[in-house]
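Trainee: Need a 3D model of the following:
(chains A and B)
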Amino acid sequence: MIGRVTPEVAGGTIVVSRGNASVSLAATFGRTEFVVEENGGQRIEWSDRDFIVASADLILVGTRATPMRGDRVKVVATGEVFEILAPGNEQPFRMADPEGTLLRIHTKRCPS
Amino acid sequence: MSAFIIELCDAIVKYINGAALSQDTTAVRRYVPKFDLQSSKAFQVQVVPKGDAREMGTRTTDAGDFQVDIGIFKKLSDKIDNEQVECDAAMEFVEELKHVVNRQRLSNVENATCAKIEHKPIYSIQTIDQGRAFFAVLTTTWRAFVAV
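Mentor: Predicted structure coming up:
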């Protein structure tokens, strides 16, 4: 129930796309962090954001899908584009509840 | 009197920006190199001073080895299936930059000559995996005689 209501108050509509396939769904916006990675004295900066979605809503080409590295997420209200990428050595998404009703998707902001 | 290594970095930036390269980029000099994942799909090239070692050369000059890092960064923006093709193109661009600076003599900065290029990391696996971005560093060593 909370999963269905929170997008209205703490999120919005997103479009998840993979190649030419895409789906529009409601999402709750999770944490947004600005990250600086040190790599041999050079710094790489990015913004992280998590999106929480109902797993049943993530349907691509008629099939229930799981988020994959490189999938794009567009926030409809702002036009911001994010790419699904795992932080560290984790998976690019994880279940947000024991039943897997909700998925927490990890992304990094990218050029649109 | 400005620092020789800074003059050298500026000359390298000017030289790279004046070179005919296959990819669209504008090199910049930085004290703190920062590459931004979200601002651009184009190649980002940053030139950073790294080392300055001098020893007695002639009565009036020191012989110096000056190290300058050239960082190359690109957000991979094509489809995930084309990641290898995009990385290959980025590697080719790094090779191109190597050819541009290798043995190059910069006449306006004490005839500094690029005597050594170290390409390390060849690319950052972590940056490709976790950021879908290509990142490599060329550490160049320039030999010059600097007035005492």
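
Trainee: residues from chain B in reach of chain A?
Mentor: Counting by C-beta under 8 Å from any C-beta of the partner chain, the positions of chain B adjacent to chain A are B:32-41, B:46, B:48, B:69, B:71, B:73, B:75, B:77, B:79-80, B:83, B:120-121, B:124, B:126-127, B:130-133, B:135, B:137. The way it works is simple: take the backbone N, C-alpha and C, and place the C-beta from them, glycine included.

Trainee: Please narrow these to those residing in helices.
Mentor: B:83, B:126-127, B:130-131 (DSSP state H).

Trainee: Neighbour-wise, which one of those residues leads?
Mentor: Neighbour tally across these (other C-beta atoms under 10 Å in any protein chain shown): the maximum, 24 neighbours, falls on residue B:131.

Trainee: which one is it nearest to, not counting chain neighbours?
Mentor: Sequence neighbours aside, residue B:37 is the residue nearest to residue B:131 in space, at 5.7 Å (criterion: C-beta to C-beta, 6 or more residues apart in numbering or on different chains).

Trainee: ok, that neighbour touching residue A:44?
Mentor: Yes: counting by C-beta atoms under 8 Å, residue A:44 is a contact partner of residue B:37 at 6.6 Å.

Trainee: about what we covered before: list the contacts of the residue nearest to residue B:131.
Mentor: Neighbour list for residue B:37: A:44-47, A:108-110, B:75, B:131, B:133 [criterion: C-beta atoms under 8 Å, 6 or more residues apart in numbering or on different chains].

Trainee: Could you give me the buried positions within the longest strand belonging to chain A?
Mentor: Identified as the longest strand of chain A according to DSSP state E is strand A:21-39. For strand A:21-39, a neighbour-count test (16 or more other C-beta atoms under 10 Å in any protein chain shown) marks A:23, A:25-30, A:37, A:39 as buried.

Trainee: And the closest residue to residue A:25 other than its chain neighbours, how far from chain B?
Mentor: Residue nearest to residue A:25 in three dimensions, not counting chain neighbours: residue A:57, with 4.2 Å by C-beta to C-beta, 6+ apart. From residue A:57 across to chain B, the span is 22 Å (C-beta to the nearest C-beta, to the nearest Å).

Trainee: so what's residue A:75 bridging to?
Mentor: Note on residue A:75: beta-bridge partners residue A:14, judged by DSSP bridges.
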